[in-house]
Every structure is written in C-alpha cells, then in structure tokens.
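Trainee: sequence-free structure coming up:
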C-alpha cells in the first residue's frame, strides 16, 4: 500500500490522536445524557453541572457543605452534621430526579413523623417499591445497571432528612445486590415484578417474622405478676407485650421510662393502656433511681444497632438505664433483629452520632417535638424578624410611655433561653444516641436465638455468608 492510500489516522500525531479520542468520549457522554433526558446543549464550566452519577453527587454535596455562624457546636462534636448543613449541602438539581414518594418520606423523616429504625426501614422499602414501579429503563442500557444509579440519587436525597440507620444501610446493600442479579433477558415489567416481590418477602422475613421469633424467645422472661422496665418505644417490644397480654393471658406491670424531646414512651403507653392485663406506669428518666428502689424483674430494651464489638447503639438514655439496672443486679435484655447488626467498631458515642436541634430541648411542656419543614421555618423566621423590627420602631417612637412595660417583659421572659444562640457562653447539645458497653447487657435476643454481646460477629459472618450464597 502506498503512502497516498494509507488511512488518515496513520498520518495524525499523538497529540491529534488524543484530541480525537476526547471528542469521541464527549460524543458518547452527550448521547448518554440524551438517553437520560438531559439536554447537552447547555455549556458546562469547570466544576459546574455534570452527569448525575452517585460519585459526582457526593462530590457536589461535600463541596457545598457550609458552616453556619449562628450554630454553636462544641468542638468535640464539630464533625457531626446539623440539619441545616445536610439540607444546604443537597444539590438543588437533585430534587428534579427524586421520586415524589421519596420527597414525602424525607418530610416525614425530618419532622419525626416516622421514628424508629425498623419503622424507617420499612417505610423506605415501601417508597422504593413506588420508585421501581414507575421506573423506565433508558435506551442503550439495562435495568440491572441503570436502576442502581437511579436509586443512588434517591438515597442521597434521603440522607438530607436524617442520616441512614444501620438497618437501612444493610437493606440498601441487599437491594442493590438483588438488582445486579436481574438477568438482562428479563423485560422491564418482569424485572419490576421480581424486585417488588423480593421486597415484600424481605419485609416479612427480616421484620415481621423476625419479630415473631424474638417474641417466642423473650416470653419466658415475662411471667405472671412480674415487673418489666423498658425505655422509649420499640416495635418488637410492642409486639412482645401485646403477645404476652393477649395470647398468653399473663398479667404483669410495665414501667415505661421516657425522656425528652421525642417522648417516644408516650406512644408505647398509649398503645398498651387499653390492655387489662398490663398495668402501665409512665415515668421520666430523672425518676429512674427512685423506681429502681422497687422490685424490677427484667429490663427489656430496643436497639438502633448492635456493633461488632458487642456495644449497643440506641436512643440516648439507654446506657444510663442499663448501667443503673446492672448495678442493682437486674438482668438487661436487648431485643434486636439481625438487620440492625453492624460490622463497625465504636468505643464512644462521639465518633458517630446524630446531632439534632438544640431548640427541641427548650420546648416547654411534655408534648413530643413537632418540627416544621425547613422552608417553613425559614419563612416564619423572616416574619418574626420583620415583626421585631416593626416593634422596635414603635418602641423607639414611644420610649417614654412604654418604659415600664419594657422592664416587666425583660424581668419576666416567657422563655429565658429562647435566644440562646446570641448568648456567648451558652451551648445546647442534643445528640440522639448513646453507646452501652457489653458488660451491662446480659444477652441479645435475635430471630436466630439468644446470644451474649460478644457473639455479635458470629451473626455477622452468618448473615454475610447467607447473603453471598443467595
């Protein structure tokens, strides 16, 4: 072949070949964007809008994190994200691809309409079923590859409401694995049907049937006439108490310890107050030392997570109850599903925790915290600021007439810590969870049996082995 008949690419330099490859890659990206529904015509600057992959979304979230000057957090807890930081770090364009069920679920999470690790996990799975049913696979790709990325967008937005619980993280990993196992030959309708059926089976096996198995192992500790102490609200404990009172017809006394700001124990007391075999006693956690002077047979606690070093990660106040009961030789039992087991190791409640609003601790009265949405709170804050400016203008114009009334309002404020953020030497910390050492827990009751806290890694190995074999 002569030089004149050679292909044009053979006459290009290395630099020109690199530029040609870049143009080919850019054309492929543009075609991929068009298949997703994104217009490639918009010019992109460095650091601007990029293809919405999970890694790019995480980068945008990390880059947009802000530190509010009005938030006062102790340096020891400075690494924990506040509610404002989670919301401000969410890219606005992410909301355009989030399913309405996820938006509704985020609002319920952030306003504490849905509380509890198990309840949050089950609600998340129900929302994922809606996402899968309304999903359409773009041309040029397969469901098993594209749906995983599509769910990642929903999950990233879900994190803006509250951090994911351990059970939610384990469930998300399981669901992504099931999606990856879907055959390419399956149609979209068949694949959606398979996934929704697997989600229903997962809810029954890991939550509903697990509660029944834990109940069967726990009822032997609640005999007729015994006194049981519990803390807050737990879905599995509620199932146990109802089963003992109705199915076994045993009469027992239940002491429900509660704390601010969520008052979850009130929900448990309300649901069990209608059972004649259960004598409910509701107390606050500051009366714990007094109630433990009376005979208590067993302490039953729920769990947010069980760590691999045997420590219990649960609602703040759980460690105090476990330590106080252990000191008085009262057995402490933890009822926990296997989906709440974590391979993480934690020695304190500072490294990993959830930081909630300090204002929740200042709410007067004994009603549970009812939080507004973030946008509504910003609107109300602007309205309050306008009213304060208007009232200041009126006070300045009528200074002489209103001096006595001003002195009364300053000496008798309705809430002395209402403006605590403006006080330099006052900091209010509201953490959601604490850590209980394993030496204060007698045993952990799961759906696979009862075991000491030191045997948590055994369940983790079995759990991972079963998931990999399936």
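Mentor: Nice, thanks for sending it over. Computed from a predicted model, the values in this text were never measured in an experiment. Numbering: from 1, shown residues only.
Trainee: tell me the contacts of the nearest residue to residue 226 once chain neighbours are set aside?
Mentor: Of all residues not flanking residue 226 in the chain, residue 297 sits nearest, at 4.3 Å (CB to CB, 6 or more residues apart in numbering). From N, CA and C alone the C-beta is placed, and that goes for glycine too. Applying CB atoms under 8 Å, 6 or more residues apart in numbering to residue 297 gives the contacts 221, 223, 226, 227, 228, 330.
Trainee: close enough to count as contact, the fifth one and residue 298?
Mentor: The one in question is residue 228. Yes. Counting by CB atoms under 8 Å, residue 228 does reach residue 298; the two are 5.7 Å apart.
Trainee: and for those two, which residues touch both?
Mentor: Common neighbours of residue 228 and residue 298 (CB under 8 Å, 6+ apart) are residue 222.
Trainee: could you give the mean pLDDT of stretch 439-449?
Mentor: For stretch 439-449, mean pLDDT rounds to 93.
Trainee: got it, and stretch 84-95?
Mentor: 67.
Trainee: can you check stretch 28-37 too?
Mentor: 72.
Trainee: just the element for residue 19, please.
Mentor: helix 14-36 (DSSP states H and E).
Trainee: from the contact counts, what lies against that helix?
Mentor: Judged by 3 or more CB pairs under 8 Å, 6 or more residues apart in numbering; DSSP states H and E, helix 14-36 has no packing partners among the helices and strands.
Trainee: from the chain's centroid, how far away is it?
Mentor: Averaged C-alpha coordinates place helix 14-36 at 40 Å from its chain's average position (CA atoms, centre = their mean, to the nearest Å).
Trainee: repeat that for stretch 202-214.
Mentor: Worked out by CA atoms, centre = their mean, stretch 202-214 lies 20 Å from the chain centre.
Trainee: measure residue 122 to residue 144 for me?
Mentor: Distance, residue 122 to residue 144, by CB to CB, to the nearest Å: 25 Å.
Trainee: more crowded one of the two?
Mentor: Taking neighbours as other CB atoms under 10 Å, residue 122 and residue 144 compare with residue 122 leading, 21 against 17.
Trainee: lowest-scoring secondary structure element of the protein by mean pLDDT?
Mentor: helix 403-411 (a mean of 42; mean pLDDT, DSSP states H and E).
Trainee: name the helices or strands packed onto the following helix or strand past that helix?
Mentor: Downstream of helix 403-411, the next assigned helix or strand under DSSP H and E is strand 433-436. Under the contact definition 3+ CB pairs under 8 Å, 6+ apart, strand 433-436 sits against strand 312-315, helix 318-327.
Trainee: which residues sit against the shortest one?
Mentor: Judged by CB under 8 Å, 6+ apart, the contacts made with strand 312-315 from elsewhere in the structure are 166, 231-232, 259, 264, 301-307, 318-319, 322, 334, 342, 346, 349, 432-436, 438, 441, 453.
Trainee: now do the last one
Mentor: The contact list for helix 318-327, computed with CB under 8 Å, 6+ apart, reads 229, 231-232, 257, 285, 288-289, 292, 296, 299, 301, 312, 331-332, 349, 434-437, 439-441.
Trainee: can you name the next helix or strand after it?
Mentor: Past helix 318-327, the next helix or strand by DSSP H and E is strand 332-335.
Trainee: pull the distance from that following strand to the chain's centre.
Mentor: 22 Å.
Trainee: for residue 256, what are its contacts?
Mentor: Residue 256 touches 230, 231, 265, 268, 269, 280, 281, 282, 283, counting by CB under 8 Å, 6+ apart.
Trainee: next up, the contacts around the closest residue to it other than its chain neighbours.
Mentor: Counting by CB to CB, 6+ apart, residue 256 lies nearest to residue 265, which is 4.5 Å off, once chain neighbours are set aside. Residues near residue 265 by CB under 8 Å, 6+ apart: 231, 232, 233, 256, 257, 258, 259, 282.
Trainee: neighbours around residue 275, how many?
Mentor: 16.
Trainee: how near is it to residue 268?
Mentor: 12 Å.
Trainee: also residue 387?
Mentor: 40 Å.
Trainee: go on, residue 78?
Mentor: From residue 78 to residue 268 the distance is 34 Å (CB to CB).
Trainee: same drill for those two, tell me which one is more crowded.
Mentor: residue 268 (24 against 10).
Trainee: give me the low-pLDDT residue ranges for the stretch 351-470 of the chain?
Mentor: 364-384, 388-415, 463-470 (pLDDT under 70).
Trainee: quick one, helices of it?
Mentor: 374-397, 403-411, 456-469 (DSSP state H, counting those that start in this stretch).
Trainee: of the contacts of residue 256, closest to residue 198?
Mentor: The shortest approach to residue 198 among those belongs to residue 268, at 31.6 Å (CB to CB).
Trainee: the closest one and residue 235 touch, don't they?
Mentor: No. Contact between residue 268 and residue 235 fails when scored by CB under 8 Å: they sit 9.9 Å apart.
Trainee: for the residue lying closest to residue 181 once chain neighbours are set aside, give me its contacts.
Mentor: Spatial nearest neighbour of residue 181, excluding adjacent residues (CB to CB, 6+ apart): residue 144 at 7.5 Å. Counting by CB under 8 Å, 6+ apart, residue 144 makes contact with 179, 180, 181, 182, 183, 184, 191.
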